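Undergrad: Structure for the following, please:
(3 chains)
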Amino acid sequence: MTTITITAQELAERLGGALLDCPPERPLSCVMPLDEAVETSVSFLANAKYHDKALHSGAGVILCDPKTVLEGRPRLVMTNPYWGFAQAIALLHPEPTPAWCEAPIHPSAKIGEGCRIGPGVTIGANTVIGAYGVLHPGVHIGDDCVIGEECEFYSGVVLYRRTRVGDRVRIHANSVLGSDGYGYVMVNGRHEKVPQVGFVEVGDDVEIGAAVTIDRGALGPTRIKQGTKVDNLCQIAHNVQIGEHCLIVSQTGISGSTSLGDYVTLAGKVGVVGHIHIGSRSIVGGNSVVAKSLPEGSFTTGFPARPHRQWMESQAALNRLPGILRKLAKKVAEE
Amino acid sequence: MTTITITAQELAERLGGALLDCPPERPLSCVMPLDEAVETSVSFLANAKYHDKALHSGAGVILCDPKTVLEGRPRLVMTNPYWGFAQAIALLHPEPTPAWCEAPIHPSAKIGEGCRIGPGVTIGANTVIGAYGVLHPGVHIGDDCVIGEECEFYSGVVLYRRTRVGDRVRIHANSVLGSDGYGYVMVNGRHEKVPQVGFVEVGDDVEIGAAVTIDRGALGPTRIKQGTKVDNLCQIAHNVQIGEHCLIVSQTGISGSTSLGDYVTLAGKVGVVGHIHIGSRSIVGGNSVVAKSLPEGSFTTGFPARPHRQWMESQAALNRLPGILRKLAKKVAEE
Amino acid sequence: MTTITITAQELAERLGGALLDCPPERPLSCVMPLDEAVETSVSFLANAKYHDKALHSGAGVILCDPKTVLEGRPRLVMTNPYWGFAQAIALLHPEPTPAWCEAPIHPSAKIGEGCRIGPGVTIGANTVIGAYGVLHPGVHIGDDCVIGEECEFYSGVVLYRRTRVGDRVRIHANSVLGSDGYGYVMVNGRHEKVPQVGFVEVGDDVEIGAAVTIDRGALGPTRIKQGTKVDNLCQIAHNVQIGEHCLIVSQTGISGSTSLGDYVTLAGKVGVVGHIHIGSRSIVGGNSVVAKSLPEGSFTTGFPARPHRQWMESQAALNRLPGILRKLAKKVAEE
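TA: Numbers count the residues shown, from 1 in each chain, chains lettered A, B, ... in the order given. As a prediction, this is how the structure comes out:
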């Protein structure tokens, strides 16, 4: 990948903020989260919850708003730091043009021994397919992907650029790995796009059902660790981290930046909000909505999800409620 | 498009109804909704709610059942006017055969300057692609589509015939625009198809996620206005109208003929019933079901959706209910 | 298909169990459910609910655990019979390698008269397409499928091997028929795959929307009978049986081995658990979760689904509950 470098001063001019406690000539060449940022990184703070991370971040400059107290830290102060962040990504991480040519399989792609590749498959530049892979007709793999050995992808599977897949991974028809995360920032009454420049990483022995969508990280990976099985029509948003040997049953949706431990089961049609953690060995009952982090070994159900037993009792009570209210009304009338 | 014209008398003979207050030789060449119909139009009234529209419709003939009072209006009286409507569409708006040829890109298609078209892309007859479009490998665009400038469609995107897309529209992998709406009419114990002959219209700067389905209108458009962003795995049914700058989060479903104002947010997994209106700047919480029209600026949650605060209170109360019922039972036992 | 035959003794050695009441030289060549098994079949009992079926099964050998009482029945006793079942399928029903060649349409495929086949379509070995079929660009049909007459499949439709489709079936873009069911068995902390070797069977006059996923049976068919209409983004799991003339509305999910009678309506976003039966002419309201079998003609709503009227009353009561609790608290304080 091409590296673009600009100075902190140039960044301030492009984004329109005030540079404080930062050498104007400092070179900046990437955008990174607060806790991973280094001196050449731009980072940002838009949620007070992460203030502590900002205090200890190694970022070369932190985008923040005028109310944020970060004395002594290198910072670029602006009204809408999230919009600054979006612009900084566009500036430092422009997406390269896809490298198609006439040939469906790009000449720079490396296909391992024993691979079987159906008609209508396209493979992008610099992509590597491990040995004994089976790509059914009409699979589309973008540039710069790395696929392990003995993988089988069914027709219509689409991998966006830079997707990384382990060994013995099966992906069923029409699933999508690496689509853009749903990230926008409101600027002057319009939803401006936050560029999504991360990638998807899938571990060994993962199986993914049909018509699943897994968005790539805004920055860095959306990750599914080894042995996890994802059923049909699930949605996994940007920067989600799923542990090992989880079961994600059909039509479940997991919102951005949420993490799951190992051996978690999300039964069918579960919804999980963003930015929470579900502890290892947790079970969430079908059709439930998880709105808060859950400890290890939890068993919850409902909308919102609550301990399973509590939910069962409350539903039983709810069924009795109309009758009880009728009796109460009668009693009051009699008194 | 070929125009087919038949007389009111011929229509009556084909559909088997009684023609009243209508010149039998009146020429008819299209099927239209009551409020858009002109003298050459067939329209229909199957829902008493629209009786007033029928009274003021300019339709050349209105299909209605024997109980409907429409004295003086040109009408064709039949037991099942919805079935008549389906047959009239099949008669007057037959779908043309797709115009494929050997060439993946039909010779009559017009590709704007600077377009990049991946291997395995197919483009139908008379379709126009604006300048600087990027069509990733394996995009399929039907006949008679009009695509604006600087659009990017990822692999596996399918546009049915007559889809219209504005400028700078991004559509992620495996999304479908223009599939048939879910419209059937029960005739002799079978679900007969109501032909879906409308189209999908998407405004400028819209972004559509992966594996989204947007059905074309039964007649006329399903419309998504400029600046709206639709997340992965959403379903947008026939004749839905979505305003400007809305956010439709993942796995949401909107039923037929419902309309949304501008700046509406439907959080993840929301369901919306058909034939209602959600006012501008409304927010619907995740996993909620909207069963009635909502005024501007509303904030609702739940199944069915109710004011957010009310839903929060009722869930809190529900959690306390089993304990309260136990105490009441004990108290009654003690009295 | 190739037939593989092993003796009961060999099976016992491979799977590691104790063979009882079974001639060791008995030839075994298929895996079948208890109630369909014949003398050359391996079957299994892992759920006490099916004990009676095991007693009357004609299976050549039944895999079961040491606690199961099946005196006199030919059986192979092991700690994890479900894992034995998975291994037996892999042994006796290995999936053949797909038979692609350079040609997108395999030379052994039979295409009926008057078919229209778009560019980019691939058709597998031995597949038969009935007369007057329309396959839009980019349809992928696997080996050994049988498609009836006058079918229309839109772009991106994927049919896995051995799918059977009746006459006049329409399948909209990017739907998948025949993907593997979600079947795993936990062995030493890992989810081992239960091979899915069944198929999908769709009756005449069925219409399937866009981006629908229908998994093939683990053994035998997942079946959708004639006249049924399935809307966009629905999930139909392995071995589900759907009767005639049902309506399955958008984003509904039906779990494994559940059966529906005829004329059942599942409104949008319904979830149905596995291994239950929904009686004919039942209606399930939108967004409901069906957790138990339902009798003919039922009308249920809610999570979990209950009689519609009861659900309406309980929701109305729930809305009143916070106010009532406040009044009760006040009254108690006053007493």
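
Undergrad: Surely residue A:88 and residue A:37 touch.
TA: No - look at residue A:88 against residue A:37 with Cβ atoms under 8 Å: they stay out of range, at 11.8 Å. Just so you know, the C-beta spots here come from the backbone N, C-alpha and C atoms, and that holds for glycine as well.

Undergrad: And the two? Which one has more around it.
TA: residue A:88 (26 against 22; other Cβ atoms under 10 Å in any protein chain shown).

Undergrad: Not counting sequence-adjacent ones, nearest residue to residue A:57?
TA: residue A:34 (4.2 Å; Cβ to Cβ, 6 or more residues apart in numbering or on different chains).

Undergrad: Contacts only, for the one you found.
TA: In this structure, residue A:34 makes contact with A:43, A:44, A:45, A:50, A:53, A:54, A:57, A:59, A:62, judged by Cβ atoms under 8 Å, 6 or more residues apart in numbering or on different chains.

Undergrad: what does the stretch 151-300 of chain A put close to chain B?
TA: If contact is defined as Cβ under 8 Å from any Cβ of the partner chain, the residues of the stretch 151-300 of chain A in contact with chain B are A:156, A:158, A:160, A:174, A:176, A:179-180, A:182, A:184, A:189-191, A:193, A:211, A:213, A:215, A:233, A:235, A:237, A:251, A:253, A:255, A:271, A:273, A:289.

Undergrad: Go through the residues you listed and flag which are in helices.
TA: When helices are assigned by DSSP state H, not one member of these lies inside them.

Undergrad: So which of those residues reach chain C?
TA: With Cβ under 8 Å from any Cβ as the criterion, the members of those in contact with chain C are A:156, A:174, A:211, A:233, A:251.

Undergrad: In CSV: those, plus pLDDT.
TA: CSV is the format used below for these (pLDDT from 0 to 100):
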residue, pLDDT
A:156, 98
A:174, 98
A:211, 98
A:233, 98
A:251, 98
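
Undergrad: Most neighbours among those, please name it.
TA: Counting neighbours by other Cβ under 10 Å, the one among those with the most is residue A:174, which has 34 neighbours.

Undergrad: can you list the weak-confidence ranges in chain A?
TA: Low-confidence segments of chain A, defined by pLDDT under 70, are located at A:1-2, A:332, A:335.

Undergrad: re the thing from before, show the backbone phi and psi for the residue nearest to residue A:57.
TA: Note on residue A:34: backbone dihedrals following degrees, to the nearest 10 are phi -50, psi -40.

Undergrad: cool, residue A:152 as well?
TA: On the backbone of residue A:152 - angles per degrees, to the nearest 10 - the values are phi -130, psi 120.

Undergrad: are any of the residues of the stretch 151-300 of chain A next to chain B buried, and which?
TA: Restricting these to buried positions leaves A:156, A:158, A:160, A:174, A:176, A:179-180, A:182, A:184, A:191, A:193, A:211, A:213, A:215, A:233, A:235, A:237, A:251, A:253, A:255, A:271, A:273, A:289, with burial counted as 16 or more other Cβ atoms under 10 Å in any protein chain shown.

Undergrad: dump the residue contacts of the nearest residue to residue A:264 once chain neighbours are set aside.
TA: Ranked by Cβ to Cβ, 6+ apart and with sequence neighbours excluded, the top spatial neighbour of residue A:264 is residue A:246, at 4.5 Å. Residue A:246 makes contact with A:228, A:229, A:260, A:262, A:263, A:264, A:265, A:266 under the criterion Cβ under 8 Å, 6+ apart.

Undergrad: re the thing from before, any chance of a markdown table for the ones next to chain C among the residues of the stretch 151-300 of chain A next to chain B, columns distance to residue A:124?
TA: Below are these laid out as a markdown table (distance: Cβ to Cβ, whole Å):
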| residue | distance to residue A:124 |
| --- | --- |
| A:156 | 16 |
| A:174 | 19 |
| A:211 | 22 |
| A:233 | 26 |
| A:251 | 30 |
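
Undergrad: ok, and residue A:167, which helix or strand is that part of?
TA: Applying DSSP states H and E as the criterion places residue A:167 outside every helix and strand.

Undergrad: So which bits of the lengthiest helix in chain A are buried?
TA: Ranked by residue count, the top helix of chain A under DSSP H comes out as helix A:308-334. For helix A:308-334, burial by neighbour count (16+ other Cβ under 10 Å) applies to A:308, A:311-315, A:317-319, A:321-322, A:324-325.

Undergrad: do the same with stretch A:215-234
TA: For stretch A:215-234, the buried set under the neighbour-count rule, 16+ other Cβ under 10 Å, comprises A:215-234.

Undergrad: Now, those that are in helices?
TA: Using DSSP H, none of the buried residues of stretch A:215-234 sit in helices.

Undergrad: Mark which of those residues are part of strands, please.
TA: Members of the buried residues of stretch A:215-234 lying in strands (criterion: DSSP state E): A:215, A:221, A:222, A:223, A:224, A:229, A:230.

Undergrad: between those residues, which is closest to residue C:148?
TA: When those are compared for distance to residue C:148 (Cβ to Cβ), residue A:230 wins out at 33.0 Å.

Undergrad: Now do the nearest residue to residue A:275 once chain neighbours are set aside against residue A:89, distance only.
TA: In this structure, residue A:275 finds its nearest non-sequential neighbour in residue A:257, 4.9 Å apart by Cβ to Cβ, 6+ apart. Note on residue A:257: its distance to residue A:89, by Cβ to Cβ, to the nearest Å, is 16 Å.

Undergrad: More neighbours: which of these two?
TA: More neighbours sit around residue A:89 than around the other of residue A:257 and residue A:89, counting by other Cβ under 10 Å; the figures are 23 against 19.

Undergrad: Please list all residues in contact with that one.
TA: Applying Cβ under 8 Å, 6+ apart, we find residue A:89 in contact with A:31, A:194, A:195, A:197, A:218, A:219.

Undergrad: Let me know the helix or strand that residue A:87 is in.
TA: Secondary structure here is read from DSSP H and E; on that basis residue A:87 sits in helix A:81-92.

Undergrad: quick revisit: angle of the longest helix of chain A against helix B:308-334?
TA: Taking axes from the mean of the first three to the mean of the last three Cα atoms, to 10 degrees, helix A:308-334 and helix B:308-334 form an angle of 70 degrees between their directions.

Undergrad: distance between helix A:308-334 and the chain's centre?
TA: Going by Cα atoms, centre = their mean, to the nearest Å, the spacing between the C-alpha centre of helix A:308-334 and its chain's C-alpha centre is 42 Å.

Undergrad: For the residue nearest to residue A:227 when sequence neighbours are not counted, which three-state class applies?
TA: The spatial neighbour of residue A:227 that comes closest, neighbours along the chain excluded (Cβ to Cβ, 6+ apart), is residue A:245 at 4.1 Å. Going by DSSP: H, G, I helix; E, B strand; the rest coil, the secondary structure assigned to residue A:245 is coil.

Undergrad: check contacts around residue A:245.
TA: Under the criterion of Cβ under 8 Å, 6+ apart, the neighbours of residue A:245 are A:226, A:227, A:228, A:262, A:263, C:189, C:190, C:191.

Undergrad: tell me the contacts of the third one?
TA: Applying Cβ under 8 Å, 6+ apart to residue A:228 gives the contacts A:203, A:206, A:242, A:243, A:244, A:245, A:246, A:247, A:248.

Undergrad: Can you spell out which residues form a bridge with the third one?
TA: According to DSSP bridges, the residues that bridge with residue A:242 are residue A:224, residue A:260.

Undergrad: Would you mind giving the contacts of residue A:89 as a markdown table with distance to chain C added?
TA: Below are the contacts of residue A:89 laid out as a markdown table (distance: Cβ to the nearest Cβ, whole Å):
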| residue | distance to chain C |
| --- | --- |
| A:31 | 34 |
| A:194 | 26 |
| A:195 | 26 |
| A:197 | 26 |
| A:218 | 25 |
| A:219 | 29 |
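
Undergrad: residues touching the nearest residue to residue A:318 once chain neighbours are set aside, list them.
TA: Spatial nearest neighbour of residue A:318, chain neighbours left out: residue C:314 (5.0 Å); criterion: Cβ to Cβ, 6+ apart. Residues in contact with residue C:314, defined by Cβ under 8 Å, 6+ apart, are A:318, A:319, A:321, A:322, C:302, C:306.
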